[in-house]
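Asker: 3D, please:
(2 chains)
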2 protein chains.
Amino acid sequence: MNFDMIQAAAGRLKGHARVTPMLTSPFLDDIAGRRVLIKAECLQHTGSFKFRGGWSAVSALTDNALKTGVIAFSSGNHAQGIAMAARAHGAPAVIVMPSDAPQMKIDNTRTLGAEVILYDRETEDRDEIGARLASERGLTLIKPYDEPQVIAGQGTTGLEIAEQAAALGVTSGDVMVCCGGGGLTSGIALALAEMAPAMRVRPAEPKDFDDVTRSLVSGKIEHNAAHSGSICDAIITIAPGNITFPIMQAHCGPGVVVTDDECLRAMGLAFSRLKIVVEPGGAAALAAALFHPAQFDGDAVIAVATGGNVDPAQFVRALDTL
Amino acid sequence: MNFDMIQAAAGRLKGHARVTPMLTSPFLDDIAGRRVLIKAECLQHTGSFKFRGGWSAVSALTDNALKTGVIAFSSGNHAQGIAMAARAHGAPAVIVMPSDAPQMKIDNTRTLGAEVILYDRETEDRDEIGARLASERGLTLIKPYDEPQVIAGQGTTGLEIAEQAAALGVTSGDVMVCCGGGGLTSGIALALAEMAPAMRVRPAEPKDFDDVTRSLVSGKIEHNAAHSGSICDAIITIAPGNITFPIMQAHCGPGVVVTDDECLRAMGLAFSRLKIVVEPGGAAALAAALFHPAQFDGDAVIAVATGGNVDPAQFVRALDTL
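Answerer: Residues are numbered from 1 along each chain as shown, chains lettered A, B, ... in the order given. Below is the predicted model of the structure:
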C-alpha cells in the first residue's frame, strides 16, 4: 500500500468519479473561529466516497475476474459504490445485505444492477453465505476498507484536497475525516503525506465508537464495546483494519470525538450554509471542525463530508436544530 | 450585450466564483426517460447563481465607483450576491429590503457586510428611497437582471455548462433554466449560442407566473396578473426585462410551466438522489425535465438548479413528497 497505488487509482477513476467541490461559507468560518473548507464528497456518485474505492477495486480486476463477478457485504454505502462500479464494467455484482437493512438501500442497490442476497442477522452467518457464493461462482470479494485497492481509491480524495485547498491558499492545517474502518482516513493520509506534508489528517468519530481514536493513543488496535447505538451508522465499525491502522499510526494526528447531537447540528448548518445533504456519519468531521475549536491550531481546518445517504425523517431532526 | 462580455466576465470571476458541478443520477434518468444533467448552481457562493452577476457587475466598476459604493433592491438572492461581491472589493453596499423580508435573509445580508435599509411595502416607495440614497451618496445601482454586466456574469454558467456537458458526451438537447426576469436565461442562451449551438435554452416558470413563456409566444413583453402566490418566490417577476427579452426571443425555445407541487417533488428528488438543497424556484427547471417528458426530444436534457436558499419548514414539505 503506497502513494503510487493512489496515483494509479486516480488514473483509473479519471472521467468516472466526480471531482467533488471544496465548499466554504463565511458563516461557518465565524462559528469555527477559523477558515473551514468542506470537501463535499456527499456529491460523489451513489452519494458517498465509497464509489471511489469501489471503482478502484473493480477496475483493477482482470478481464476474467470481471466476467465472473464480484461480491461485497454491506448494508449501506459500500454496496451502492460496488454495484454502480461493477455495472459500468459489465461485471456481475452480488451484495450480501442484512434482511433488516432499509428497504430503500436494498432497492437502490438492485436498481444499480446488483443481485442482492438477504440474510437474517440472528440466524445466519454472513461470512459463511459469502464464502459459499464466492466459491460456487468464483466471485472476487471486495472488502469495504481493509483492501489496498479500496484504500487507493479513497486516497484519490486526498489528491483533490491538496490541489483544491492550495487553490484557496491553504497548504497546512488539520484535515478531519469521518472514520469507520479507516479506508478513507488512511488513503487521504497517504496522499497528503506526499502532496501536502504540512497537512495532518485526523479521524472524527462518534462518542462510544471511538475505536480509532483510542487505538492511536494506545498504539494497538482497540475495539468498541457496542455494535450499534449511534445515528452515525455509516462509520460504526468495531475496530480499525489491519492494513488501515498502521497507515493511520504513521501519518495521523489524534482523533476528535463528537456527539450525535453535534452531528445533527452540523447537518443542519451544511443544509443552510452549504446547500448540501450530509448523513449523520458524514457530518462527524464537520462537527469536529465547528464545535471543537480548542482541538485545532492554525488559520484553517478542512473537513470531509463523506456521504449524504440519509432518510428524510433523520434529516428533519437535523433541520430541527436550526 | 454580447458573447465577448460573457468571456470578459468569466475572466473577472475566475478564482472567485465557484465552478459548480454538473450532477447526474441513474434514478433521475429513469424518471425522465432520458439522461438528465443537473448544473448545481445552488452550490455557488451565497447559495445561488446571483453571486456571478453580482461579482461581474461590481468588478466592472471604476475604482471611484467602488469607493463610493453600490446599491441594490432585493429581498433575496441578489442582495446576498451583491453584498458578498461588494465586500470582497472593499465597496460599501446598501441593500434596500422590504421590512417583511425573512429575518434570516436580512441577517445574512448584514453579516455579509451590507448596510440594510428596510422599507414598508405598504406605505413607502422603494424606488424613491433608492433614488434618494443613490443621489445623496453617489451609489451605483445594480439591477437584478436588466443590466448587461449582470447578464454577462450569469452567462458564465453557460460557458461551464457547455464544457461540462461535452465532457459527459452531451453536445445537444434542451437546457432548462429557472426563469424570473431572464438574466440567467438570456446569459446562458448567449453563451450557448456560441459555445454549443446544438443546445437550446428554454425557460422554466411556475404556473400563473409564466410571463416569459407567454411573451415568447406572443412576441411582446407580457405581464403576470399577480405579484405573489407561488412558493417559487425567487423567480416571481412581473415581466421579462427590456434587455433580456430580445435575447431570449432570438435564442430560446418555448417555455415549460410547472406547478408548485412539481417543484416540491423535484426538491425531494434532488435531496435523495443528488444530495443537494434546492429552493422551490430553483427546482422549476428540474421539475420540467423530470415531469414533462413529452416536452423534450433527444437523449439528454440539462436542468439548472439555480439556488438553495430555502427555509427548513419549506424543505420539510419537499421531504414529505418522498
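Asker: which residues in the stretch 201-322 of chain A form strands?
Answerer: A:256-258, A:300-305 (DSSP state E, counting those that start in this stretch).
Asker: Can you say which of the ones you listed is packed in most?
Answerer: Of those, the one with the most neighbours on average (mean count of other Cβ atoms under 10 Å in any protein chain shown) is strand A:300-305, at a mean of 28. Every C-beta, even on glycine, is put in place using the N, C-alpha and C of the backbone.
Asker: With only the CA atoms kept, save that one in PDB.
Answerer: Coordinates of each C-alpha in strand A:300-305 appear next as PDB, following Å, rounded to 0.1, in the frame of the first residue of the first chain:
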ATOM      1  CA  ALA A 300      -7.800  26.800   8.600                       C
ATOM      2  CA  VAL A 301      -9.300  23.400   9.100                       C
ATOM      3  CA  ILE A 302     -10.600  21.000   6.300                       C
ATOM      4  CA  ALA A 303     -13.500  18.700   6.900                       C
ATOM      5  CA  VAL A 304     -14.500  15.900   4.600                       C
ATOM      6  CA  ALA A 305     -18.300  15.500   4.300                       C
END
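Asker: other SSEs contacting it?
Answerer: Applying 3 or more Cβ pairs under 8 Å, 6 or more residues apart in numbering or on different chains; DSSP states H and E, we find strand A:300-305 packed against strand A:35-40, helix A:148-167, strand A:173-178, helix A:284-291.
Asker: let's see it at 6 Å
Answerer: strand A:35-40, strand A:173-178, helix A:284-291 (3 or more Cβ pairs under 6 Å, 6 or more residues apart in numbering or on different chains; DSSP states H and E).
Asker: Could you list the buried residues of the longest one?
Answerer: Within helix A:284-291, the residues that qualify as buried by neighbour count (16 or more other Cβ atoms under 10 Å in any protein chain shown) are A:A284, A:A285, A:L286, A:A287, A:A288, A:A289, A:L290, A:F291.
Asker: Mind telling me which residue of the stretch 1-150 of chain A is nearest chain B?
Answerer: Residue nearest to chain B within the stretch 1-150 of chain A: A:C42 (4.6 Å; Cβ to the nearest Cβ).
Asker: Name the secondary structure element that contains the residue of chain A positioned farthest from its centre.
Answerer: No residue in chain A sits farther from the centre than A:E136, which is 30.5 Å out by Cα atoms, centre = their mean. Using DSSP states H and E, A:E136 sits within helix A:126-137.
Asker: residues making contact with that helix?
Answerer: Applying Cβ atoms under 6 Å, 6 or more residues apart in numbering or on different chains, the set of residues contacting helix A:126-137 from outside is A:I71, A:F73, A:V94, A:V96, A:Y119, A:L141.
Asker: so how far is stretch A:304-322 off the chain centroid?
Answerer: Stretch A:304-322 sits 16 Å away from the centroid of its parent chain (Cα atoms, centre = their mean, to the nearest Å).
Asker: my bad, stretch A:39-53
Answerer: Here the centre of stretch A:39-53 is set off from its chain's centre by 8 Å, with Cα atoms, centre = their mean.
Asker: before we move on, what about stretch A:179-196?
Answerer: On Cα atoms, centre = their mean, the centre of stretch A:179-196 falls 11 Å from the chain's centre.
Asker: before we move on, what about stretch A:210-229?
Answerer: The answer for stretch A:210-229 is 17 Å, by Cα atoms, centre = their mean.
Asker: Same question for that stretch: list its buried residues.
Answerer: Of all the residues in stretch A:210-229, those buried under the rule 16+ other Cβ under 10 Å are A:D210, A:D211, A:V212, A:T213, A:R214, A:S215, A:L216, A:I221, A:E222, A:N224.
Asker: what's the nearest residue to the fourth one if we skip its chain neighbours?
Answerer: Once flanking residues are discounted, A:T213 sits nearest to A:G255: 2.9 Å by Cβ to Cβ, 6 or more residues apart in numbering or on different chains.
Asker: Reformat the strands of the stretch 201-322 of chain A as CSV; add mean pLDDT.
Answerer: Below are those laid out as CSV (pLDDT from 0 to 100):
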stretch, mean pLDDT
strand A:256-258, 98
strand A:300-305, 98
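Asker: Looking at those strands, which is nearest to A:F271?
Answerer: Comparing the strands of the stretch 201-322 of chain A by their distance to A:F271 (Cβ to Cβ), the top pick is strand A:300-305, with 11.4 Å.
Asker: Identify each of the helices in chain A and give its residue range.
Answerer: Secondary structure of chain A (DSSP state H): helices at A:3-13, A:26-32, A:50-59, A:63-68, A:77-88, A:103-111, A:126-137, A:148-167, A:183-195, A:211-218, A:244-251, A:260-269, A:284-291, A:312-319.
Asker: closest to B:T123 out of the ones you listed?
Answerer: Nearest to B:T123, of those and by Cβ to Cβ, is helix A:26-32 at 32.8 Å.
Asker: Mind giving me the packing neighbours of the closest one?
Answerer: strand A:35-40, helix A:284-291.
Asker: Need the ones you listed in CSV (columns: distance to chain B).
Answerer: Output for these, formatted as CSV (distance: least, Cβ to the nearest Cβ, whole Å):
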stretch, distance to chain B
strand A:35-40, 8
helix A:284-291, 14
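Asker: and the residue of the stretch 1-150 of chain A closest to chain B, what does it touch?
Answerer: Counting by Cβ under 6 Å, 6+ apart, the residues that A:C42 touches are A:I276, A:V278, A:G282, A:A305, A:G307, A:G308, B:K275.
Asker: Quick check: the farthest pair among those?
Answerer: Between any two of the contacts of A:C42 (Cβ to Cβ), the greatest distance is 10.7 Å, for A:I276 and A:G307.
Asker: Compare neighbour counts for those two and give me the winner.
Answerer: In this view A:I276 and A:G307 are compared by other Cβ atoms under 10 Å in any protein chain shown, and A:G307 has more residues nearby, 31 against 28.
Asker: In space, what's closest to that one - neighbours in sequence excluded?
Answerer: Counting by Cβ to Cβ, 6+ apart, A:G307 lies nearest to A:S48, which is 3.3 Å off, once chain neighbours are set aside.
Asker: what separates the one you found from A:G81, distance-wise?
Answerer: Per Cβ to Cβ, to the nearest Å, A:S48 is found 7 Å from A:G81.
Asker: Lowest-confidence one in the buried residues of stretch A:210-229?
Answerer: Looking at the buried residues of stretch A:210-229, model confidence by pLDDT dips furthest at A:N224: 94.
Asker: near chain B, which residues of chain A?
Answerer: With Cβ under 6 Å from any Cβ of the partner chain as the criterion, chain A meets chain B at residues A:P21, A:C42, A:L43, A:G47, A:F271, A:K275, A:V277, A:G308, A:P312, A:V316, A:L319, A:L322.
Asker: Swap in 8 Å and give it another go.
Answerer: Listed as neighbours of chain B in chain A under the rule Cβ under 8 Å from any Cβ of the partner chain: A:15, A:18-21, A:23, A:26-27, A:30, A:40, A:42-43, A:47, A:84, A:108, A:111-112, A:167, A:268, A:271-272, A:274-278, A:308, A:312, A:315-316, A:319-320, A:322.
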